[in-house]
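Q: let's see this in three dimensions:
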Amino acid sequence: MARKRILKDGLLCTLVFFASAITSAALNIGTRTNEPYTMVERSDFSRYDNGKYIGHVYREVRAAINPSGTDSDGSTRYKGNFIVMEETLRDMRQNARPVNAVVPVNFALNAQGGMRIEDDKGFPALRNFPYYTQPSITKGFTWKASGQRAVDPLNEGKTLIVPFTAVYEYKGIEDYKGIPVHRIEASYKSDTDFTGAEYTADSTDSSGNGRLSKLTGKHDVTILIAVENGIMLLSRDNLDETFSWNDGKTVRFRGFTLCFAQSITPIDSNKIKKEMETANGVEFEPVDTGLRLSIRDIQFVSDSSELLPNEAARLDRIAASLAGIEGRTFLVEGHTAATGRPESEKRLSVERAKRIVDELSSRGIPAGRFIYKGWGGEKPVGDNSTDAGRRLNRRVEITILD
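A: I've put the predicted structure just below:
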């Protein structure tokens, strides 16, 4: 199984914030917290192909989400990015992680959890979940609501939107790691016949051979919402489901997905810029994902990820500044000049991004706070036909993710 395959068939939280004004044992749903926040989703699955166990899969998705206004119907609008990690093994969680994709999102949520997504790219995968049908519920109250999932089981870029009906029960208030939380239990069946359905991508097999035909199984989800601020602190989705294709192939996933969310303090960009004044050749740029530091004309040995000794002082200053930023993930991206060798350029850019991660980690920043990706010469900022332009393109960018 390819290590870069990332499935959108787990929980992939909708990242809903709920207000949490409490009257006795009632959960009151109202205006959500208008704060930036992050989410980390970790999935542990056993995979079975055609009934045969082929191994254990660990996947991770991180999201940085910011409120961006209010629609005329009162829905809160959010935008941000989902960072999709490459598949890895469970014992590598504390290491820096390679990035498979960065997916921009723009969506709106109403007070009940209803979602509208612009330019749908399959994230968030869960829509209208969790969903509330009335503004106040008490312990033991149960309800049903329709939701949707975006699934792409073989990671082919062919997303299907799958409807489901979830059954909910509000369990009341309990303690989670010293924090009072609302507990909600939800379940829904994976029971969809895709006969006649079309993938949204253009690459659908028009013959119908090998087309996804059926999805069966079940999800049982526990949701914990902080009483104080309405943040969904944790959800756990225990799942067992099987995808079937017209050609007889089946793929089963059995395991769980954990989702953690927390609010974050806005980046103090002026403070960071001041701290970096002595780091020559570092440019700053606010981007949708946060604040980006671009290390221009970084000096590596030719066609190598080995840094020249004169880069040590600049890396010392960058590490000292990043070390003072709490609760953030750092995305390190490598870029090369385009010289007509795209495959080797891409490989070199990944190696150089990883080298910067290693250098900053050796200066005291935990490796688990870094993710990295190489772009080769795909994103030039200068003219590759000139020496000056190629120097500009040889760079490493570090984004302090919101």
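
Q: show me the shaky parts of the stretch 201-350 of the chain.
A: 201-210, 263-266, 288-289 (pLDDT under 70).

Q: where exactly do the helices run in it?
A: Under the criterion DSSP state H, counting those that start in this stretch, the stretch 201-350 of the chain carries helices at the ranges 269-275, 312-323, 342-362.

Q: would you list those in JSON lines and tack on mean neighbour count and distance to residue 305?
A: Every C-beta, even on glycine, is put in place using the N, C-alpha and C of the backbone. Below are those laid out as JSON lines (neighbours: other Cβ atoms under 10 Å; distance: least, Cβ to Cβ, whole Å):
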{"stretch": "helix 269-275", "mean neighbour count": "13", "distance to residue 305": "26"}
{"stretch": "helix 312-323", "mean neighbour count": "17", "distance to residue 305": "14"}
{"stretch": "helix 342-362", "mean neighbour count": "19", "distance to residue 305": "4"}
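
Q: looking at the ones you listed, spot the one closest to residue 132.
A: helix 269-275 (37.0 Å; Cβ to Cβ).

Q: give me the residues contacting the closest one.
A: 284, 286, 291, 317, 320-321, 324-325, 400 (Cβ atoms under 8 Å, 6 or more residues apart in numbering).

Q: rewinding a little: now distance to residue 48 too, for the helices of the stretch 201-350 of the chain, in TSV please.
A: Output for the helices of the stretch 201-350 of the chain, formatted as TSV (distance: least, Cβ to Cβ, whole Å):
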stretch	distance to residue 48
helix 269-275	48
helix 312-323	42
helix 342-362	31
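
Q: nearest to residue 72 among those helices would be which one?
A: Closest among the helices of the stretch 201-350 of the chain, once you apply Cβ to Cβ, is helix 269-275, at 31.7 Å.

Q: can you give the distance of that closest one from its chain's centre?
A: Relative to the centre of its chain, helix 269-275 is centred 27 Å away, using Cα atoms, centre = their mean, to the nearest Å.

Q: which residue ranges of the stretch 251-400 of the chain form strands?
A: Applying DSSP state E, counting those that start in this stretch to the stretch 251-400 of the chain gives strands spanning 282-287, 290-295, 330-335, 370-374, 395-401.

Q: if we can go back for a sec, need the max-distance pair from the contacts of helix 269-275.
A: That would be 286 and 320, which, of these, are the farthest apart (Cβ to Cβ) at 21.5 Å.

Q: out of the strands of the stretch 251-400 of the chain, flag the one nearest residue 59.
A: Nearest of the strands of the stretch 251-400 of the chain (Cβ to Cβ): strand 370-374, 13.5 Å.
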